[in-house]
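>>> here you go, sequence then predicted model.
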Amino acid sequence: MEMNSWFLVAAVAFPLAAGVVLLLVRPKKAGMPAVWCLGVSVVTAVLVWMLVLNPPEESVKIINFTKNLRISFRLDGAGRVFAAIVGTLWPLAALYAGEYMEGDARRRSFFAFYTLCLGVTLGVCFAENLLTMYLFYELLTLFTIPLVIHPLTKRAVHAARKYMYFSFGGTAFAFISLIFLTSYGGDVFTAGGIIGETGNSAVLIFVWFLGFMGFGVKAALFPFYSWLPDASVAPTPVTALLHAVAVVKSGVFAIIRLTYYCFGTDFVKGTWAHWAALGVVIFTMVFGSVLAVREPHFKRRLAYSTVANLSYILVGVMMLTPAGLEAGFIHMLSHALMKICVFFCAGAVLHKTGLEYVWELSGVGKSMPVTMACFTVCSAALTGLPPFFGFVSKYSLITACINEGSAGGFIGAAALVLCGLLTAVYMFTVVIRAYFPKRDGELLCAGAGDAGWRMTVPIVLIAAAVILFGIWTGPVFSLVGEAVAGAF
């Protein structure tokens with residue numbers, strides 16, 4: 001076995017062990033939990049990027065239950081895309097969280113679970129089979145519940161309870177897929193899927209749809225979306241990871257695994273379940289955008305934007321074509337950067353001013369110039385304007401939908417254009433209010449100033465990446481191209 005195959009285990013086990021240590025040991029210095037989390041995140045990111053740049057060819061078996069049931073890791077093209085997102089953004093989020101949570105009385109438990117979530121998210125990335133992914137997918141729910149509930153307010157308790165009910169309910173449906181796939185030859189992720197001619201295709205198509213909707217809970221598909229805006233009550237470092245990196249992307253990633261690597265596109269394409277899933281995705285995309293336009297709360301508006309953008313990814317995925325999957329992966333990357341940046345900006349505003357609603361943000365562009373400049377860049381990118389990364393991903397999605405050639409593809413393309421217009425409304429409403437306040441209005445954020453360097457540096461770096469990858473797309477298409485090639 002290759003030596004670097006064991007780095008897969010190390011990248012998962014190290015943050016898990018470090019998180020447990022932080023739970024059990026009380027540091028003498030108040031700021032030590034943040035430093036611990038940041039250090040673990042940086043070391044883990046180095047391990048992850050070593051694996052992304054030099055992926056091992058062999059898998060690592062951890063536990064064998066039976067011939068068809070085992071816990072094992074392997075890094076393929078799809079896993080590399082997700083791991084690249086996690087390895088890049090988690091250290092920046094940990095740095096941001098160090099300043100944001102400064103002075104919080106329970107920051108030790110916060111950073112402990114923040115570190116544990118890094119390990120289980122990488123477990124989802126590196127899973128070789130559906131059982132392994134399912135295990136870490138469930139652990140991700142368990143470890144993020146304490147982060148959502150962290151403020152210990154009634155709203156936080158309600159949000160955590162809803163998140164728990166929705167997530168566990170969804171994975172109950174996904175578990176049905178695991179049982180059927182194991183019965184029909186195993187659950188190891190395989191290019192083109194593992195379902196052959198055996199079995200009742202009508203039953204299996206229904207099982208795929210159950211799994212799609214089950215994993216779709218974390219991807220905030222209608223009607224299971226409401227946990228996501230409610231979870232915005234959590235501290236911003238949590239919502240940024242929930243909405244951009246860990247939880248929601250795990251839902252999207254699980255759907256990709258189930259569809260392309262378990263059932264296979266040939267088995268699903270053209271069935272009633274395929275068109276039903278595509279219909280749900282397109283509706284969610286427009287529905288989330290409309291709710292974002294109507295939402296006056298700053299973070300909840302961004303949360304509804306996430307509801308819509310997750311379905312942008314899935315509309316590409318549900319084209320069931322190489323171009324559609326490529327576009328989905330590209331938007332998965334671009335949305336992670338754009339959305340974590342705008343959440344960081346919203347968190348910086350909340351941290352410095354205490355303001356939560358869009359109508360309160362008049363003049364914040366002058367008070368917090370760096371923060372709002374980066375917010376404006378990412379707003380333009382989310383809208384799909386060139387030369388930003390969001391333009392590249394949206395253009396790829398629309399062309400993939402049109403080239404697919406079916407009525408569903410054309411409707412998906414039209415919905416993407418409509419959602420781009422709605423995005424301009426709900427994002428640039430904030431920008432215009434920030435830079436052009438009403439003359440007779442009270443400036444509630446006067447004299448606030450940008451946040452400290454630990455919050456500002458991640459914001460600036462990510463905004464710069466949104467510009468860079470809009471112009472220099474070679475590395476993105478190279479990484480995504482290998483993932484697509486390994487899926488068919």
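Ah, there it is. Residues are numbered from 1 along each chain as shown.

>>> show me the shaky parts of the stretch 51-200 of the chain.
185, 196-200 (pLDDT under 70).

>>> in it, which spans are helices?
For the stretch 51-200 of the chain, applying DSSP state H, counting those that start in this stretch gives helices covering 77-100, 107-126, 130-148, 154-183.

>>> ok, which of those helices comes nearest residue 194?
Shortest separation from residue 194 across those is recorded for helix 154-183, at 6.8 Å, computed as Cβ to Cβ. All C-beta spots, glycine's among them, are computed from the backbone N, C-alpha and C.

>>> got the buried residues for the helix or strand just after that closest one?
Sequence-wise, the next helix or strand downstream of helix 154-183 (DSSP states H and E) is helix 201-215. By 16 or more other Cβ atoms under 10 Å, the buried positions in helix 201-215 come out as 204-215.

>>> same check, this time on stretch 71-90
Going through stretch 71-90 with 16+ other Cβ under 10 Å, the ones that come out buried are 71-90.

>>> with stretch 115-125 instead?
Neighbour counts over stretch 115-125 (16+ other Cβ under 10 Å) mark 115-125 as buried.

>>> pretty sure residue 362 sits against residue 434.
Yes: taking Cβ atoms under 8 Å as the contact criterion, residue 362 and residue 434 are neighbours in contact, 7.5 Å apart.

>>> could I get the full set of helices for the stretch 251-400 of the chain?
In the stretch 251-400 of the chain, the segments counted as helices under DSSP H, counting those that start in this stretch are 265-268, 272-294, 298-317, 322-353, 364-367, 369-383, 389-404.

>>> mind putting those into JSON lines with distance to residue 177?
Compiled in JSON lines, those are given as follows (distance: least, Cβ to Cβ, whole Å):
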{"stretch": "helix 265-268", "distance to residue 177": "12"}
{"stretch": "helix 272-294", "distance to residue 177": "12"}
{"stretch": "helix 298-317", "distance to residue 177": "16"}
{"stretch": "helix 322-353", "distance to residue 177": "19"}
{"stretch": "helix 364-367", "distance to residue 177": "46"}
{"stretch": "helix 369-383", "distance to residue 177": "32"}
{"stretch": "helix 389-404", "distance to residue 177": "25"}
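
>>> need the winner for burial among the ones you listed.
Highest mean neighbour count among these (mean count of other Cβ atoms under 10 Å): helix 298-317, with a mean of 28.

>>> what angle separates that one from helix 272-294?
Between the axis of helix 298-317 and that of helix 272-294 there is an angle of 150 degrees, by axes from the mean of the first three to the mean of the last three Cα atoms, to 10 degrees.

>>> just the mean pLDDT for helix 298-317, thanks.
Averaging pLDDT along helix 298-317 gives 95.

>>> which strands and helices lie in contact with it?
Contacting helix 298-317 under the criterion 3 or more Cβ pairs under 8 Å, 6 or more residues apart in numbering; DSSP states H and E are the following elements: helix 227-230, helix 236-244, helix 247-256, helix 272-294, helix 322-353, helix 389-404, helix 407-435.

>>> right, and these - which one's nearest residue 98?
So among the helices and strands packed on helix 298-317, helix 236-244 is nearest, using Cβ to Cβ, at 9.0 Å.

>>> pretty sure residue 318 contacts residue 274?
Yes: counting by Cβ under 8 Å, residue 318 sits close enough to residue 274 to count as a contact (7.1 Å).

>>> returning to that earlier point: to residue 41, which of the helices of the stretch 251-400 of the chain lies closest?
Set against residue 41 and scored by Cβ to Cβ, these come closest in helix 322-353, at 13.9 Å.

>>> what's the angle between that closest one and helix 77-100?
Relative orientation of helix 322-353 and helix 77-100, computed by the same axes, to 10 degrees: 0 degrees.

>>> pull the distance from helix 322-353 to the chain's centre.
The chain centroid and the centroid of helix 322-353 are separated by 8 Å under Cα atoms, centre = their mean, to the nearest Å.

>>> ok, the buried residues of stretch 115-125 vs residue 40, which is closest?
Using Cβ to Cβ, residue 115 is the member of the buried residues of stretch 115-125 that sits closest to residue 40, with 5.4 Å.

>>> return the distance of that closest one relative to residue 18.
Using Cβ to Cβ, to the nearest Å, one obtains 5 Å as the distance from residue 115 to residue 18.

>>> again with residue 82
In this structure, residue 82 and residue 18 are separated by 21 Å, where distance is defined by Cβ to Cβ.

>>> residue 417 now?
Here residue 417 is placed at a distance of 45 Å from residue 18 (Cβ to Cβ).

>>> which one of the two has more residues nearby?
With neighbours defined as other Cβ atoms under 10 Å, residue 417 and residue 18 compare such that residue 18 has more, 23 against 11.

>>> how close does the more buried one sit to residue 94?
Residue 18 sits 12 Å away from residue 94 when distances are taken as Cβ to Cβ.

>>> follow-up on the earlier one: between residue 115 and residue 18, what contacts are shared?
Residues within reach of residue 115 and of residue 18 at once, by Cβ atoms under 8 Å, 6 or more residues apart in numbering, are 36, 40.
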